[in-house]
Structures are given as C-alpha cells and as structure tokens.
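Engineer: model this:
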Amino acid sequence: MQCQNMALQLLSITNGITATRRNKGYQGTPITEIITNGFFTVDRKWTVKYWNKAAEELLRVQAKDIVGKNLWSEFAGIIPLNFYTVYHKAFLQDVPVHFEEYWGEMGAWFNVITYHCDDTLSVSFKSSNQPVHPDYSSLPGHPAQQLRTLYELYRFVTEVTNDCLWEWDLQAKELFWIDGGHKRVFGYNIENALIPQSFWENRLHPDDKVGVLTRLNKIIAEASEYEWEDEYRFKKASGDYAYVHDRGHIIYDRDDKASRMIGATQDITEKVLLENKLVQERQTRQREITEAVLKAQENERASVGRELHDNLGQIMAVAKLYVQMAKKYEKHSETYLEKSCELMVNVMAEIRKISKTLIIPDINIIGLFDNVKNLLQDLNIAEPIKLEFHNDGIEEKDLDDKLQVTIFRIIQEQVNNILKHAEATHAIIHLSRQKNEIILLISDNGKGFNHLNEKKGVGIINIRTRADLYSGSVTIVSRPGEGYVLKVVLPLNGRILLN
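Structural biologist: The predicted structure is shown next:
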C-alpha cells in the first residue's frame, strides 16, 4: 500500500496535482493532454463519434471536420489496407487488438490499439515520429528535465509494485490506462490508451458489479469524499478473475462537481487466496476441535455409564440381595447386613474414584501439586505402572487458577493415554519454570510409535487445544520401541482465549 501511495504521489507531481483536501477546486492537467495519444471512436456504421486533440495533430484533421462523418469516406484512397482489415475484425472481438503499420501518406509508423465495446470501436494510437518540443532542455536543473526524472521514477515504482495506474474522466466516462500496468498484470494489450468506462464495468465480476458501481456512484453524487477505495474481482484477458484493490483520488471542479479521478489498481489475488486458505484451515481446525471435544464427552459418558451399569450396578444388586436375605433369614441377618455394608463401602469408594476423574478438587484448597500427587497415588495402587512427579523452580502462587486447571487436565489426559496405549512400566512427570515459561515434560518407557504417521486422536487434540488457549506449544518425540516424550510449553503471560 505504501508503494501504491508513492506511485500516486509521483504521478500527481508529474500531473500538476497535489493530493490534499485543499485542492478541491483545482482540476490539474488531464493525462490525455500530457501523453499525446490520438484517440477516436466510431459506431458500427463507421460514423466518427469522438476525435481528441492529439488525433487532430497526428492525422491533420480537425474534430469539427470529421465528427459525424464516415471514417472511410474522409480517408478514402489514403488509409493503408491493414487499418481497414484490423478495424473490421475488431468489431467481431471482445478483447483489444494491437498492431503496428507504416502509413505512407503520413510518413510515419503508427502504433495502434483497437477494442470493441457496446457497439462502439475505440482506437488509440501514437506516431513514432511525434515532434520533440524545441523548448525542452537537457540541463539537470531545468523543469522539463526534472519532470522527465520524476516520470521515469514513477514508471520504475509502478513496474516494481505491479500497480496499474489510471486516470478517469468522470464526465466523459473514459479511463486512461497508463504505462502498461494493465498489460503486465491483467494481460490487456492496452498501454497509454483511453478506454470507455463501459469496458471496465463489463469486466467486473457479476457478483461484485452492482455493489462496486453503487458505492462509487454514491460517492460521486454526494461530492463529500476525496478518496474512493474498493475491492472486487476483475476479469483478465485470459478469462480468469483477479482480486483487486482499487484506490483513487477524486478531483472536483470549481462547481464542486467530481470531474476526474486519478488512482491505481493492485492485484491482491495472492493475498486474498492466502487469507481464504487460512480461514479454511481455521475452520477445519475448529471442526476438529469441536469433534474431539464432543467425542471426548461421549467417551467419558460411555465410560461412566459402563462403570455404573457393569460394576456399581452389579454391586448394588448383590447388596440388595443381602438385605433381602437378612429380612428372610433373621438368624443370619447380622452377617448378611455386614456383607451388604461392605459392598456399600466399595460402591462409595468407586463413586469417589469416578468423581475424581470428572471433578478437580478446589485448587484454592489443595493446589495443583497435591492434586497431581493424589491422582498418581490412586493410579499407582490400581495400575501396574510406576508414576513419578517432580517440580523444579516453580511455585503454585505463580500460576493462576485457570492455568493450574489446564496443567492438571493435560497431565490427566496424557496419563490416560499412557495407561491405554503405551504398555509402559514407568512414567515421569516433570514440571519446571524457565524464565517466563512453564515447561511440562511427560515421558514413559512404553512401546512408542512413529509420530510422523500419527493419527490425531481425541487425547492429543485435547492437549493441543488446551495449550493453544495460552498460546502454548506441544512437541512430541517418539520412535517405535523407544518410549514417548510429550513437551508442553505454556507462557506465563499467555492470554487465555476461551473460558
């Protein structure tokens, strides 16, 4: 955007325009009068509709003597055959046609661009032997030399940035495409040539056209803005559409009417496609996270349901049977009731075990370290694995409650992964602080795996999601038969993104 502004400023200097809000009444000199391209238009009957000043000089025919008359009648017998052939073919084509031809009667080569739009043939041309103004000096300090220097500088900037510069006559509804930017970027063989506004409008994407024109016309009608800026899709000569950013400075006449606009078009296709790709990746990642959370909830519910039905339900059924037997056989009722009480104690213990996996005891009461130690103590009793916990250089007061919960859930998730998949006999959990980062390392001596072929399961997705909430990172080191190491880095100043 900075380069685009520089190009516009340089162009404005060469055009006698200073782009400030105080120049509302200053019109400047149109580009079409600085770059001496001849330009005329004819209808399908070859009646001349427009003939500019440069055409008068190059073809030696005044506008008043040619407008409204038949082109071929006025130039009968002197115009080269190739001009006639190309002009007729141009009416059948929807893209600009470029050719060069020597015109003997004029004693010069002509560089010609023709294009057809809305039953009108527009012709832009220049002669290879245009006269050099005798008052132009080559002295470095001369204004003309300074002007040429600025003009070359602006050309260099536009070529580097691939900006497409233009000047727009809002009253005549014509655009002047300057110095080949549109040729380089969009493939149209038009350089320093006038085109009708309808040519530009017809190349707007159908889904963007109404919106772009509505916004532009509103600004022009209200005469309240000095800048027009918009983004839309523009049809290239190849038929493909490019995403563009268009920006122009509106110039008002002394009656506060928008007369001209000078600006630049940038191809932002690569930027837009990259942004769309990032949005799609975020949406895909969010779907993965949502699916993982839902799957984790379903797995958790299924696990609790199986525990209640297959284990606690059966124990409660047996306890109930003992109570019934105590009522029926009073002689042995005390024995049956004692057995029933033992089963009820087991049920209560199982319920506490389930609740520990679902609910973390209040961090403010026992803290992160004690919660982790209690978790590992219970697992060391119930599971055939040795689990160790070490903390180094870190104090619980440095961690807010939410961060402590996040660390505990990551430890709990990875320990469950180890118990389910690792076939390990020993695992170590190490929590430390390095400057402003919390480092969590969880390693085991299990079977390991090739993490390059990792299928992202619910567990690891949950761990990455929790780390992402604090702008953290997750690294995995593992090889088949060589155990598994999970490293989670959480910045202490990381902002939690979700509650």
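Engineer: tell me the mean pLDDT over the helix or strand that L175 is a member of?
Structural biologist: Element membership of L175, judged by DSSP states H and E, is strand 174-178. In this model, strand 174-178 has a mean pLDDT of 86.
Engineer: ok, stretch 478-492 next?
Structural biologist: pLDDT averaged over stretch 478-492 gives 89.
Engineer: now that stretch: buried residues?
Structural biologist: 478, 483-486, 488-490 (16 or more other C-beta atoms under 10 Å). Using the backbone N, CA and C atoms, a C-beta is placed for each residue, glycine as well.
Engineer: could I get the CA-only coordinates of the helix or strand following the strand holding L175 as PDB?
Structural biologist: Later in the chain than strand 174-178, the nearest helix or strand by DSSP H and E is helix 181-186. Extracted in PDB, the C-alpha atoms of helix 181-186 (Å, rounded to 0.1, in the frame of the first residue of the first chain):
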ATOM      1  CA  GLY A 181       0.300  -1.800 -15.900                       C
ATOM      2  CA  HIS A 182      -2.900  -3.400 -17.000                       C
ATOM      3  CA  LYS A 183      -1.000  -5.200 -19.800                       C
ATOM      4  CA  ARG A 184       1.600  -6.600 -17.300                       C
ATOM      5  CA  VAL A 185      -1.000  -7.600 -14.700                       C
ATOM      6  CA  PHE A 186      -4.200  -8.400 -16.500                       C
END
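Engineer: now do helix 181-186: which elements does it pack against?
Structural biologist: strand 164-169, strand 258-267 (3 or more C-beta pairs under 8 Å, 6 or more residues apart in numbering; DSSP states H and E).
Engineer: okay, angle between the first one and strand 258-267 too, please.
Structural biologist: Looking back up the chat, that one is strand 164-169. Orientation of strand 164-169 against strand 258-267 (axes from the mean of the first three to the mean of the last three C-alpha atoms, to 10 degrees) gives an angle of 160 degrees.
Engineer: strand partners of strand 164-169, parallel vs antiparallel please.
Structural biologist: strand 174-178 (antiparallel), strand 258-267 (antiparallel) (DSSP bridges).
Engineer: coming back round to it: want to throw the buried residues of stretch 478-492 into JSON lines with distance to T214 and secondary structure?
Structural biologist: Shown next, in JSON lines, are the buried residues of stretch 478-492 (distance: C-beta to C-beta, whole Å; DSSP: H, G, I helix; E, B strand; the rest coil):
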{"residue": "S478", "distance to T214": "58", "secondary structure": "strand"}
{"residue": "G483", "distance to T214": "65", "secondary structure": "coil"}
{"residue": "Y484", "distance to T214": "60", "secondary structure": "strand"}
{"residue": "V485", "distance to T214": "60", "secondary structure": "strand"}
{"residue": "L486", "distance to T214": "56", "secondary structure": "strand"}
{"residue": "V488", "distance to T214": "52", "secondary structure": "strand"}
{"residue": "V489", "distance to T214": "51", "secondary structure": "strand"}
{"residue": "L490", "distance to T214": "50", "secondary structure": "strand"}
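Engineer: just name the closest of these to I410, please.
Structural biologist: Proximity of these to I410 (C-beta to C-beta) peaks at V488, which lies at 5.9 Å.
Engineer: and the closest residue to that closest one other than its chain neighbours, which of the three is it?
Structural biologist: Nearest in space to V488, with sequence neighbours left out and distances taken as C-beta to C-beta, 6 or more residues apart in numbering, is L440 at 4.3 Å. Three-state call for L440 (DSSP: H, G, I helix; E, B strand; the rest coil): strand.
Engineer: next, work out how far apart L440 and L486 are.
Structural biologist: As defined by C-beta to C-beta, to the nearest Å, L440 lies at a distance of 8 Å from L486.
Engineer: try G104
Structural biologist: 84 Å.
Engineer: E74 too?
Structural biologist: E74 sits 86 Å away from L486, taking C-beta to C-beta as the criterion.
Engineer: and what of S198?
Structural biologist: With C-beta to C-beta as the criterion, S198 and L486 are 64 Å apart.
Engineer: what do you get for K236?
Structural biologist: If you go by C-beta to C-beta, the gap between K236 and L486 works out to 50 Å.
Engineer: again, but for I289
Structural biologist: Applying C-beta to C-beta to I289 and L486 gives a distance of 18 Å.
Engineer: then A221?
Structural biologist: For A221, the distance to L486 equals 63 Å [C-beta to C-beta].
Engineer: make CSV out of the helices and strands packed on helix 181-186 and add mean neighbour count, mean pLDDT and distance to E334.
Structural biologist: CSV is the format used below for those (neighbours: other C-beta atoms under 10 Å; pLDDT from 0 to 100; distance: least, C-beta to C-beta, whole Å):
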stretch, mean neighbour count, mean pLDDT, distance to E334
strand 164-169, 23, 87, 98
strand 258-267, 22, 87, 91
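Engineer: could you dump these to a markdown table with distance to T214?
Structural biologist: A markdown table is the format used below for the helices and strands packed on helix 181-186 (distance: least, C-beta to C-beta, whole Å):
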| stretch | distance to T214 |
| --- | --- |
| strand 164-169 | 17 |
| strand 258-267 | 16 |
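Engineer: surely S471 touches P491?
Structural biologist: Yes - counting by C-beta atoms under 8 Å, P491 is a contact partner of S471 at 6.1 Å.
Engineer: could I get the strands paired with strand 164-169 in CSV, plus columns for distance to D240?
Structural biologist: Shown next, in CSV, are these (distance: least, C-beta to C-beta, whole Å):
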stretch, distance to D240
strand 174-178, 19
strand 258-267, 11
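Engineer: surely V477 touches V485?
Structural biologist: Yes - using C-beta under 8 Å, V477 is in contact with V485, at 4.4 Å.
Engineer: remind me which residues of the stretch 201-350 of the chain are low pLDDT?
Structural biologist: Low-confidence segments of the stretch 201-350 of the chain (pLDDT under 70): 293-294, 296-298, 300, 303, 305-310.
Engineer: that one: helices as residue ranges?
Structural biologist: Using DSSP state H, counting those that start in this stretch, the helices of the stretch 201-350 of the chain run over residues 206-222, 269-306, 313-328, 333-358.
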